[in-house]
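Asker: Predicted model follows, preceded by the sequence.
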Amino acid sequence: MSTMPFASQSRTPGTGGTVALSLALAVALLAVVVLATGMSLAELWASVRRVSLWQFLAVALLQGTIVWLAALKWILILRANGGQGLPLTSALGATAIGTLAGQVIPIQLATPALRAWIAKAHGISATRAVGTSLLEQVFEIIVLGAMAMAGVLTHVAGLSLAQGGGLALAIAAGMTVFLGPGLRLAHAVARVFSRQFGGLFAGLAEGFERAGRLPHRLMFQLTGLSLLRYVLLAGLNVVLLVRLAPQADPLVLLAAVPLVQLLTALPIVPAGLGLVEMTWSGLLMTQGLSPAEVAGTALALRLVSTAGFLLGVPVLIAPMLTGLRRQKQGDQ
């Protein structure tokens with residue numbers, strides 16, 4: 001439930017076609033996973049049944065916390081330098097609806113647009129709402145890169161789970177201390193690539209440059225919240241996968257989480273649908289599972305995660321809807 005920044009957010013004439021193509025590609029990728037592995041509905045259901053009702057509720061709570069952290073980061077950026085903010089309930093509702101829409105529409109289109117729509121009721125311009133929404137994602141990219149480095153080093157060095165966790169914490173601490181210089185370096189690198197390729201790299205360069213101008217205290221807060229989000233996302237995925245496939249090595253799964261999160265964030269298919277399942281299936285094949293079992297586990301992870309999120313959506317958006325209703329009645 002992360003987003004990749006700086007994809008085009010404007011509504012262009014080709015947006016509908018892009019969404020349809022994205023969904024078609026996702027369906028095709030899922031079909032490849034199912035047909036190539038010979039997975040049956042019985043095997044998928046057997047995987048899903050390993051997750052109990054209380055565990056579904058725990059997933060809903062974690063998913064809600066992850067969305068809440070994203071909303072909190074957005075509010076902090078909106079309020080930076082005395083800017084106009086908005087209530088947490090509205091930010092939370094807008095982020096939850098954007099994440100929900102991002103299951104079927106590329107989240108790079110859905111979340112900023114829905115946030116802008118909700119923010120308009122609080123006197124925040126669409127340009128500012130979209131810009132701050134994109135800026136928030138810069139810190140997700142920084143944390144994702146740091147955790148990917150920790151995962152690779154842990155795997156190459158053959159470290160234990162505890163040692164790998166300690167390494168990740170050390171990298172996170174160093175990243176926080178040297179965040180300012182790191183942003184300037186990232187800006188310089190992205191600018192070099194933008195001169196050659198433009199597009200996404202140009203947007204990244206702008207985002208890193210804007211992030212580097214934020215107050216240091218705010219940068220540390222945003223990085224800390226992004227780290228917490230990552231820990232919750234990684235923990236949720238690994239715990240569920242171990243539940244669905246008990247023979248899988250948690251350390252191997254943990255090392256793969258940054259790649260999976262990147263695929264989830266890429267503006268190719270909604271929420272990495274199909275791409276993520278193919279990645280988890282390939283990884284689980286190395287853990288001694290049969291092709292049908294790995295496909296069932298990967299698809300069950302998607303179903304359980306999505307179902308848990310859907311359970312929490314009404315709770316996340318109810319306060320925002322109540323506030324908007326009261327505001328409308330007051331205006332009348």
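Answerer: Cool, got the structure. Residues are numbered from 1 along each chain as shown.
Asker: helices or strands up against the helix or strand encompassing residue 318?
Answerer: Using DSSP states H and E, residue 318 sits in helix 291-331. If contacts are counted by 3 or more Cβ pairs under 8 Å, 6 or more residues apart in numbering; DSSP states H and E, helix 291-331 sits against helix 15-37, helix 41-48, helix 53-78, helix 88-101, helix 216-244, helix 275-285. For the C-beta atoms, the positions are set from N, CA and C on the backbone; glycine is no exception.
Asker: Show me what the mean pLDDT comes to for the third one.
Answerer: Averaging the model's pLDDT scores along helix 53-78 yields 92.
Asker: Also the longest one?
Answerer: Averaging pLDDT along helix 216-244 yields 88.
Asker: which helices and strands sit right next to that helix?
Answerer: helix 53-78, helix 126-157, helix 161-177, helix 179-197, helix 250-265, helix 291-331.
Asker: Next, the buried residues of that helix.
Answerer: Neighbour counts over helix 216-244 (16 or more other Cβ atoms under 10 Å) mark 218-219, 221-227, 229-231, 233-234, 236-241, 243-244 as buried.
Asker: How many residues are close by residue 154?
Answerer: For residue 154, the count of nearby residues is 22 (other Cβ atoms under 10 Å).
Asker: cool, residue 155 as well?
Answerer: 15.
Asker: Quick check: the closest residue to it other than its chain neighbours vs residue 144, distance?
Answerer: Spatial nearest neighbour of residue 155, chain neighbours left out: residue 255 (4.7 Å); criterion: Cβ to Cβ, 6 or more residues apart in numbering. Residue 255 is 13 Å from residue 144, where distance means Cβ to Cβ, to the nearest Å.
Asker: And the average pLDDT for stretch 159-169 is what?
Answerer: Mean pLDDT, computed over stretch 159-169, is 75.
Asker: So what's the gap between it and the chain middle?
Answerer: Relative to its chain's centre, stretch 159-169 lies at 23 Å (Cα atoms, centre = their mean, to the nearest Å).
Asker: pull the CA atoms of it into CSV?
Answerer: Presented in CSV, the C-alpha positions along stretch 159-169 are these (Å, rounded to 0.1, in the frame of the first residue of the first chain):
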residue,chain,number,x,y,z
LEU,A,159,23.4,-13.2,8.8
SER,A,160,20.7,-14.5,11.2
LEU,A,161,17.3,-12.8,11.5
ALA,A,162,18.5,-10.9,14.6
GLN,A,163,21.7,-9.8,13.0
GLY,A,164,19.9,-8.7,9.9
GLY,A,165,17.4,-6.7,12.0
GLY,A,166,20.4,-5.1,13.8
LEU,A,167,22.0,-4.2,10.4
ALA,A,168,18.7,-2.7,9.2
LEU,A,169,18.4,-0.6,12.3
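Asker: Can you point out the buried residues in that stretch?
Answerer: Judged by neighbour count using 16+ other Cβ under 10 Å, the buried positions of stretch 159-169 are 159, 164, 165, 167, 168.
Asker: Next: stretch 135-155.
Answerer: 135-148, 150-151, 154.
Asker: do the same with stretch 119-139
Answerer: For stretch 119-139, using 16+ other Cβ under 10 Å, the buried residues are 119, 122, 124, 129-139.
Asker: pLDDT score assigned to the residue nearest to residue 155?
Answerer: Value listed for residue 255 in the pLDDT field: 80.
Asker: Over to residue 309?
Answerer: Per-residue confidence at residue 309 stands at 91 (pLDDT).
Asker: Once you drop chain neighbours, what's closest to it?
Answerer: Nearest one to residue 309, counting by Cβ to Cβ, 6+ apart, is residue 63 at 4.3 Å.
Asker: Who are the contact partners of the one you found?
Answerer: By Cβ atoms under 8 Å, 6 or more residues apart in numbering, the contact set of residue 63 is 1, 236, 305, 308, 309, 312.
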